[in-house]
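> Predicted model and sequence follow; I will ask about them next.
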Amino acid sequence: MGRKKLPIWAIVAADVRSPRDGRFIEDLGRYYPLEQPSRVELKDERVTYWLGVGAQPTPTVRSLLSKQGLLLSQHLMRKGRPEDDIAEAVQRHRERHQAKAEANKKLTAADRRRKALKAEAAAADKLDAEAAAARKKAAAAKKQAKAAAEVAAQEA
């Protein structure tokens, strides 16, 4: 799916005998790999259903399902854990993976440019502050010298 240089992958339930881009049983979601961080939209209930009836995900889809916490929830359901414990564990799992994805996020050219401009503006502000402080110090020194000269003139 998608277009040239902008892939969008469909995640589907298909019969193993069907060709790769052929007929499928049900559309389960989309994967947008070029977004930063990559985005996955899934119908969680239907994915869980298909995994429950024996569907075998491809390695790539297995990795996506794992990051979404769906494999974890299925594992905990098989162990007989209560629904609220499963929901809490899946939420912690998703937060951990989301934080990891944010830490590994690649900067785009626009982000790098924005960061460079921000650093340049901060450096310019710092230089302006230093120059203002130097002018203030020079003015105070000049004022003090003038006052000292007046005191010396009065004593003489």
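All right, it came through fine. Numbering: from 1, shown residues only.
> burial count for L64?
For L64, the tally of surrounding residues (other Cβ atoms under 10 Å) stands at 22. Bear in mind the C-beta positions are built from the backbone N, C-alpha and C, glycine included.
> And the helix or strand containing it, what does it pack against?
In this structure, L64 is located in helix 59-68 according to DSSP states H and E. Under the contact criterion of 3 or more Cβ pairs under 8 Å, 6 or more residues apart in numbering; DSSP states H and E, helix 59-68 touches strand 39-42, helix 44-52, helix 70-79.
> Adding mean neighbour count and mean pLDDT, write these out as CSV.
Output for those, formatted as CSV (neighbours: other Cβ atoms under 10 Å; pLDDT from 0 to 100):
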stretch, mean neighbour count, mean pLDDT
strand 39-42, 15, 89
helix 44-52, 16, 89
helix 70-79, 16, 88
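> Throw those into JSON lines and include distance to K136, thanks.
Converted to JSON lines, these look like this (distance: least, Cβ to Cβ, whole Å):
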{"stretch": "strand 39-42", "distance to K136": "52"}
{"stretch": "helix 44-52", "distance to K136": "63"}
{"stretch": "helix 70-79", "distance to K136": "62"}
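> Which of the ones you listed sits closest to A131?
strand 39-42 (46.8 Å; Cβ to Cβ).
> what residues are up against H93?
H93 is in contact with G69, L72, counting by Cβ atoms under 8 Å, 6 or more residues apart in numbering.
> how close does it get to A110?
Applying Cβ to Cβ, to the nearest Å, one obtains 31 Å for the distance of H93 from A110.
> looking at the helices and strands packed on helix 59-68, which is closest to K106?
Across the helices and strands packed on helix 59-68, K106 has its closest neighbour in strand 39-42 (14.4 Å, Cβ to Cβ).
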